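*Asks:* no FASTA, just this:
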């Protein structure tokens, strides 16, 4: 496995990560100022973010950080949002304040959700060969990532995959398909899958994620028994054109609104680590709040080989925690979900993230493998968290060693450190990680 060179500890970082760096001013990303992130001429200059070596967390000292966090906790407990300036300030706190930031966001989380954690399970119904050009996606148009490619699973296979997740402890099953959006025939197909899952597991929520919706499609999914619809905003409106040109930010907003209008619980989140600024992260968090998203998955970029963002490792574990805290303060009543990329970006700090989120994905993601399901359950048990719907009494705590088997990664290692392409579960003959 070939490792890409990493940036030095002090050079090439953004202001919120190392505001006292002694390096000279640096630009956000390298490359020609007239190239976009796909390497093509964009005809417009790139935005430049300059690091100011003399800045000191916007001039806030320890007392200011404590005052900020006290204010944010009070707002969060009341269900109100911080100001945008306060949200940006969270992202720019220093490492010395990190545990205080996590503890403050944890107070808001526990006020709404106690120590409950909901497990979610992804089923990739149709993998690869997407006509959209989202730069972060291994299934995108033109991707050379060596991910699984297959057409629609049968209803029987989809229900069986969902069964594995439910048996592993999941209380929500997410049915996902690549593509711009479903045809009416696709909606009929997925409706049959939803019905099959609901017949076996009437108490399990089913969330569909099929791309951009047209009029009437959300209503048909709801009639079939779907509980929620996921469509992520991913990033701010101002920077959306940098990551996708085949559809617009407004298309995503419209799809979330259509799902909500049909009575489906709106699930929408973001991806961090794509070169966005602090303000971009705050903007998308507030947009999610304004949309009334009940569930907010926070993904951290998995930079697959064969995609335009391969080699983009812009996040630190500490910054991932700050991002989760900021979203928790902006969306205090939402089910905040720790999603793709947590293993490779948070690494050993994943347990701290659980203090702020109330939901995680169990097992694998769409095209990459997650850590062993046993490791997730052990991590929850070690932290004293209660798994929603665990066997036994409602909200019972899992105990380490409940799982009889640890499934090690089975996929193809990428040259990107920590990224393993999924080669088990749906679309293969190998047992799923659940």
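*Replies:* Arrived safely, thanks for sending. Just so it is clear, the structure is predicted and the values come from calculations on it, not from any experiment.
*Asks:* need the contact list for residue 125.
*Replies:* Neighbouring residues of residue 125 by Cβ atoms under 8 Å, 6 or more residues apart in numbering: 152, 153, 158, 175, 176, 177, 190, 193, 426. For every residue, glycine as well, the C-beta is placed using N, CA and C.
*Asks:* Not counting its neighbours along the chain, what's nearest it?
*Replies:* residue 177 (4.4 Å; Cβ to Cβ, 6 or more residues apart in numbering).
*Asks:* among the contacts of residue 125, which are in helices?
*Replies:* The helices, defined by DSSP state H, take in 158, 190, 193 from those.
*Asks:* Can I get those residues in TSV including distance to residue 233 and pLDDT?
*Replies:* Listed next are the ones in helices among the contacts of residue 125 as TSV, based on distance: Cβ to Cβ, whole Å; pLDDT from 0 to 100:
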residue	distance to residue 233	pLDDT
158	26	97
190	22	98
193	26	98
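*Asks:* how about the residues you listed in a markdown table, adding distance to residue 85?
*Replies:* Below are these laid out as a markdown table (distance: Cβ to Cβ, whole Å):
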| residue | distance to residue 85 |
| --- | --- |
| 158 | 46 |
| 190 | 43 |
| 193 | 45 |
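*Asks:* Sketch out the strands for this structure, chain order is fine.
*Replies:* Using DSSP state E, the strands of the chain run over residues 116-126, 172-177, 205-209, 228-230, 265-267, 270-272, 295-300, 335-338, 359-361, 386-387, 412-413, 420-421.
*Asks:* Looking at the ones you listed, which is nearest to residue 257?
*Replies:* Closest approach to residue 257 among the strands of the chain is made by strand 265-267 (8.1 Å; Cβ to Cβ).
*Asks:* Which of the helices and strands in the chain ranks last by mean pLDDT?
*Replies:* Lowest on mean pLDDT, DSSP states H and E among the helices and strands of the chain sits strand 412-413, with a mean of 64.
*Asks:* Under the pLDDT cut-off, which ranges of this protein? List them.
*Replies:* The model of the chain has pLDDT under 70 over residues 1-62, 391-418.
*Asks:* and the residue positioned nearest the centre of it, what is it in contact with?
*Replies:* Closest residue to the average C-alpha location of the chain: residue 299 at 2.1 Å, with Cα atoms, centre = their mean. Residue 299 sits next to 232, 269, 270, 271, 272, 339, 340, 341 when contact means Cβ under 8 Å, 6+ apart.
*Asks:* I figured the fifth one was touching residue 321, is that so?
*Replies:* So that's residue 272. No - in this structure, residue 272 is not within contact of residue 321 by Cβ atoms under 8 Å, at 11.2 Å.
*Asks:* ok, these two, which is more surrounded?
*Replies:* residue 272 (25 against 22; other Cβ atoms under 10 Å).
*Asks:* and the gap between the more buried one and residue 161?
*Replies:* 28 Å (Cβ to Cβ, to the nearest Å).
*Asks:* can you give me the helices in the stretch 151-300 of the chain?
*Replies:* For the stretch 151-300 of the chain, the helices defined by DSSP state H, counting those that start in this stretch occupy 155-167, 184-200, 217-224, 249-261, 278-291.
*Asks:* Okay, buried residues for the first one please.
*Replies:* The neighbour-count check on helix 155-167 (16 or more other Cβ atoms under 10 Å) flags 155, 158, 159, 160, 161, 162, 163, 164, 165, 166 as buried.
*Asks:* for the shortest one, same thing?
*Replies:* By neighbour count, and taking 16+ other Cβ under 10 Å as the criterion, the buried residues in helix 217-224 are 217, 218, 219, 220, 221, 222, 224.
*Asks:* Contacts only, for the third one.
*Replies:* Residues touching residue 219, when contacts are defined by Cβ under 8 Å, 6+ apart, comprise residue 262.
*Asks:* what's the distance between it and residue 274?
*Replies:* 33 Å.
*Asks:* hang on, the earlier thing: Serialize the helices of the stretch 151-300 of the chain to a markdown table and add fields for distance to residue 362.
*Replies:* As requested, the helices of the stretch 151-300 of the chain are exported to a markdown table (distance: least, Cβ to Cβ, whole Å):
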| stretch | distance to residue 362 |
| --- | --- |
| helix 155-167 | 7 |
| helix 184-200 | 16 |
| helix 217-224 | 23 |
| helix 249-261 | 23 |
| helix 278-291 | 23 |
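*Asks:* Out of these, flag the one nearest residue 108.
*Replies:* Using Cβ to Cβ, these put helix 278-291 closest to residue 108, at 13.6 Å.
*Asks:* and the closest one, how far out from the chain's middle?
*Replies:* Centroid separation for helix 278-291 versus its chain: 14 Å, with Cα atoms, centre = their mean, to the nearest Å.
*Asks:* before we move on, what about stretch 220-238?
*Replies:* Relative to the chain's own centre, stretch 220-238 is displaced by 14 Å; criterion: Cα atoms, centre = their mean.
*Asks:* how many other residues sit next to the residue nearest to residue 114 when sequence neighbours are not counted?
*Replies:* Spatial nearest neighbour of residue 114, excluding adjacent residues (Cβ to Cβ, 6+ apart): residue 386 at 7.1 Å. By other Cβ under 10 Å, the residues close to residue 386 number 19.
*Asks:* Give the bridge partners for residue 386, please.
*Replies:* Note on residue 386: beta-bridge partners by DSSP bridges are residue 116, residue 397.
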